[in-house]
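**Student:** starting from these lines, generate the structure:
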Amino acid sequence: ANRPDCEHLILTYRDNEALDRRIIDAIETRKERKGWWQVYGLGELGEVEGKIYKDWAIVDEIDHHARLERYCIDFGYSNDPTAIVAIYYFNGGYILDELAFQTQMSNKQIADVIKNQEIPQILTIADSAEPKSIDDIKMQGVNVVAAEKGKDSVLNVIQLVQDQRISMTKHSVNVIKEYRNYLWETDKDGKLLNVPEHEFSDSMDAIRYGLTSLVKKPD
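**Tutor:** As a prediction, this is how the structure comes out:
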C-alpha cells in the first residue's frame, strides 16, 4: 500500500557509477529483450521471458547432512571467467556452492581451489573442450575427468537439469546472477530458439557438466 511517509525510488544499473563498462555493455545488448529489459534495465516489476532455468531456491548455508558429490569446472581465461562449483546432494535435491568465478586463472590456481577444499578427493567434472588443461590439473593431484558429451542435445541435458530440485547458497553470487540471466537466444522477430545465449553461461555450463554426471538418464 502507498504510504505518505515513504518515497518510492527506482534505481537501475545507471545509478551505479562504479559499474564495470563490460557489465554495462552486457546489460545494454539486451535492450530488445522486452521482459528482461523491463526488470534488469529499467528496474520495474515484470516477468523475464526466455529464462532457461526456473524455481531454483536460495539457502543460507549447506545443511550439515548434505553429501558432497562433485566439483565441476567450466574453463575461461581472458574474457570469460573460470567457474568452479561444488554440488551437494540433500533430501532428494541438489545444493550448489560457488568456489571460484574469475578470469585469468592458471591451471595451478584451479587445482589449488579444489585441493584446498575440506574433501579434495571428490570427483571433479571439467569441460571436455580443454583436454590439455584437464591433464595438467590431474597431474597436480586432482581427481578430474572430462565431461561426457554424448548423443544428447544441449536442450535435452538442460531439461535434465531443470527436472532436478536445486538450491544455491546465498554467497554463490555469480551462480545466482547467471541463473537469473541465463536466457534462450531469439531470432530477429523475437521468437525463442532452443539455443542458450553464451552470455551468463559460465557457471551454468559447469553445473550442467556436474549434474549430468550424477543424474541417471532414462533409458
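**Student:** in the protein, which helix or strand is least confident?
**Tutor:** Lowest by mean pLDDT, DSSP states H and E among the helices and strands of the chain is helix 34-36, with a mean of 57.
**Student:** and after that one, which helix or strand comes next?
**Tutor:** Using DSSP states H and E, the helix or strand that follows helix 34-36 in sequence is strand 57-59.
**Student:** would you map the helices across the chain?
**Tutor:** 21-28, 34-36, 107-115, 131-139, 154-162, 173-181, 202-214 (DSSP state H).
**Student:** least confident of those, on average?
**Tutor:** Note on the helices of the chain: helix 34-36 shows the lowest mean pLDDT, a mean of 57.
**Student:** any stretches of the chain with poor pLDDT?
**Tutor:** The model of the chain has pLDDT under 70 over residues 1-19, 22-49, 150-153, 216-219.
**Student:** recalculate using a threshold of 90.
**Tutor:** Low-confidence segments of the chain (pLDDT under 90): 1-51, 78-79, 148-157, 180-181, 183-200, 216-219.
**Student:** could I get the helices of the chain as TSV with distance to Ala83 and mean neighbour count?
**Tutor:** The C-beta positions use only the backbone N, C-alpha and C, and glycine is treated the same way. Shown next, in TSV, are those (distance: least, CB to CB, whole Å; neighbours: other CB atoms under 10 Å):
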stretch	distance to Ala83	mean neighbour count
helix 21-28	16	12
helix 34-36	21	17
helix 107-115	10	18
helix 131-139	14	16
helix 154-162	15	15
helix 173-181	7	18
helix 202-214	4	24
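**Student:** closest to Tyr94 out of the ones you listed?
**Tutor:** helix 202-214 (6.7 Å; CB to CB).
**Student:** just the angle between that closest one and helix 154-162, please?
**Tutor:** If you take axes from the mean of the first three to the mean of the last three CA atoms, to 10 degrees, helix 202-214 sits at 80 degrees to helix 154-162.
**Student:** which elements pack onto helix 202-214?
**Tutor:** Packing partners of helix 202-214 (3 or more CB pairs under 8 Å, 6 or more residues apart in numbering; DSSP states H and E): strand 67-74, strand 82-90, strand 93-102, strand 124-126, helix 154-162, helix 173-181.
**Student:** next, format the helices of the chain as CSV and append distance to Asn79.
**Tutor:** Listed next are the helices of the chain as CSV, based on distance: least, CB to CB, whole Å:
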stretch, distance to Asn79
helix 21-28, 8
helix 34-36, 22
helix 107-115, 17
helix 131-139, 16
helix 154-162, 21
helix 173-181, 15
helix 202-214, 10
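**Student:** compare the ones you listed and report which one is nearest to Gly93.
**Tutor:** Taking the helices of the chain one by one with CB to CB, helix 202-214 is closest: 11.0 Å.
**Student:** pull the residues that contact the closest one.
**Tutor:** 52-53, 69-74, 76, 80-85, 87, 89, 94, 96, 98, 101, 123, 125-127, 147-148, 152, 157-158, 160-161, 164, 174-175, 178-179, 182, 196 (CB atoms under 8 Å, 6 or more residues apart in numbering).
**Student:** do the same with stretch 113-126
**Tutor:** 68-75, 84, 86, 99-100, 133-134, 137, 140-147, 209-210, 213.
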